[in-house]
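> below: sequence and its predicted model.
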Amino acid sequence: MARLHVEDLRKEFDRGSIVAVDDLDLEVEDGEFVTVVGPSGCGKTTTLRMIAGLEEPTSGSITLGGEDVTDQSARTRDIAMVFQNYALYPHKTVFKNMEFGLRMSTDLSKAERREKVEWAARMMDIEELLDDTPDELSGGQQQRVALGRAIVREPKLFLFDEPLSNLDAKLRTTMRAEIQRLQEELGITSVYVTHDQEEAMTMGDKIVILNDGNLQQVGPPKDVYDEPANRFVGGFIGSPSMNFVDVVARRSDDRIVLDGGEAFQYSLSSAYSQEMEVQNGEEAVLGIRPEDIYPADGPNGIRTTVDVVEPIGSDNYLYLDIGEQFMARVSADFEPAVGDVVDVTFDESKIRLFDDSTGESLL
Ligand code: ATP
């Protein structure tokens with residue numbers, strides 16, 4: 001296994017009119033599992049294909065295990081890729097599918113190849129499928145074979161391109177856990193592309209968020225969740241999404257009041273006010289997650305009207321009219337009726353503030 005270093009990686013299509021990946025820098029440490037997430041068309045697959053050697057970069061470099069592989073062919077990079085559609089040979093048995101890469105890239109004897117395939121089959125719990133062909137297998141079993149075929153080669157790097165998208169929700173959860181177990185047992189350096197932010201959050205040691213070919217933020221999932229670098233990340237990570245509302249920051253003495261017009265005035269404590277990098281009168285966007293809004297009156301109470309109540313069992317989602325429509329996630333014990341007027345407030349330490357024009361975080 002090996003460290004991956006991607007520097008200034010760029011891919012243009014159609015003579016530069018499409019910038020699919022815009023000067024991307026990325027480090028993946030030895031044994032690290034990094035998830036790459038972003039909306040459709042943000043450049044995830046193109047990034048992965050360049051790392052794999054299936055797409056030629058317009059510029060930039062890719063270093064794997066200290067070796068510059070940018071100009072190497074896919075075949076010589078010692079990278080295994082797992083795809084959404086499994087990409088198995090339909091007429092070869094599972095054994096042959098798993099053995100194929102070894103035949104191509106190593107000079108192991110037949111007995112040694114068998115030993116390795118059996119080891120990988122044990123890892124993936126598919127020993128009893130070795131004589132079957134892929135068309136006899138379920139989607140989940142086929143993906144286990146695809147994973148087995150990837151690990152059998154013991155490559156330097158694993159690339160996953162939305163490998164679980166074709167599986168139903170329950171199987172996806174099982175396979176997620178399976179891939180994480182493999183990761184722990186084998187210490188596989190991995191880059192895992194997904195459009196599912198929940199998958200990215202639960203699986204990644206580190207999560208990379210792309211938008212429009214541009215890197216938005218890299219970091220451990222909790223850091224990205226708690227301290228989004230910009231409004232895009234705040235809105236993209238977390239479900240239901242972060243709420244946003246336009247405010248004007250007003251400084252009085254050592255405090256900042258976030259002025260939401262007629263809807264609310266939220267006065268920050270002096271300690272927290274110091275962290276906010278805003279001028280008096282500056283327009284900004286306040287971001288607050290649904291779980292950080294709770295029923296309370298008194299100072300900083302915000303009067304709202306309940307538009308919709310959605311029970312989800314453990315909690316209720318409330319759609320509240322605070323000038324904008326906000327969603328709050330509250331305990332199932334708190335169950336107002338539609339049309340009720342309720343007072344809520346924000347958890348001060350969870351309030352995020354973003355620049356009105358650039359969207360960058362202001363704290
Ligand atoms: P998705 O989640 O939908 O698969 P993605 O994040 O993987 O999207 P890419 O497939 O990498 O995104 O595409 C990034 C951008 O590059 C898109 O605008 C896409 O239309 C464009 N693109 C990708 N491949 C080509 C190509 N061969 N020719 C022209 N444009 C391309």
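Here it is on my side, so go on.

> going forward, measure contacts and count neighbours with C-alpha atoms only.
Noted.

> secondary structure class for Glu55?
Under DSSP: H, G, I helix; E, B strand; the rest coil, Glu55 falls in the coil class.

> quick one, strands of the stretch 201-350 of the chain?
206-211, 214-219, 243-252, 255-259, 265-267, 283-288, 293-295, 302-311, 315-322, 324-331, 341-346 (DSSP state E, counting those that start in this stretch).

> looking at these, which is closest to Ser105?
For the strands of the stretch 201-350 of the chain, the distance to Ser105 is smallest for strand 206-211, at 30.7 Å, taking Cα to Cα.

> where does the residue of the stretch 151-300 of the chain found nearest the ligand land on pLDDT?
Nearest residue of the stretch 151-300 of the chain to the ligand: His195, at 5.8 Å (Cα to the nearest ligand atom). His195 is assigned 91 on the pLDDT scale.

> test my guess that it contacts Thr35.
No: with contact defined as Cα atoms under 8 Å, His195 does not count as touching Thr35 (9.9 Å).

> of those two, who's got more company?
Thr35 (27 against 19; other Cα atoms under 10 Å).

> list the contacts of whichever residue of the stretch 251-363 of the chain sits closest to the ligand.
Residue of the stretch 251-363 of the chain nearest the ligand, by Cα to the nearest ligand atom: Gly359 (21.2 Å). If you count contacts by Cα atoms under 8 Å, 6 or more residues apart in numbering, Gly359 has them with 230-232, 285.

> which of the residues you listed sits closest to Lys11?
Using Cα to Cα, Phe232 is the member of the contacts of Gly359 that lies nearest Lys11, at 22.3 Å.

> look up how far Glu360 lies from the closest one.
Per Cα to Cα, to the nearest Å, Phe232 is found 9 Å from Glu360.

> now do Thr93
53 Å.

> spit out the contact partners of Ile209.
With contact taken as Cα under 8 Å, 6+ apart, Ile209 is in contact with 36-38, 215-218, 233.

> okay, now Met175: neighbour count?
Counted with other Cα under 10 Å, Met175 comes out at 18.

> wait, it sits on Leu164?
Yes: when contacts are counted by Cα under 8 Å, Met175 is listed as touching Leu164 (7.4 Å).

> residue contacts, Phe334?
With Cα under 8 Å, 6+ apart, Phe334 has these contacts: Asn316.

> so what does it have for phi and psi?
Backbone torsions of Phe334, given as degrees, to the nearest 10, read phi -90, psi 110.

> tell me the residues of the stretch 201-350 of the chain that contact the ligand?
Within the stretch 201-350 of the chain, no position is near the ligand by Cα under 6 Å from any ligand atom.
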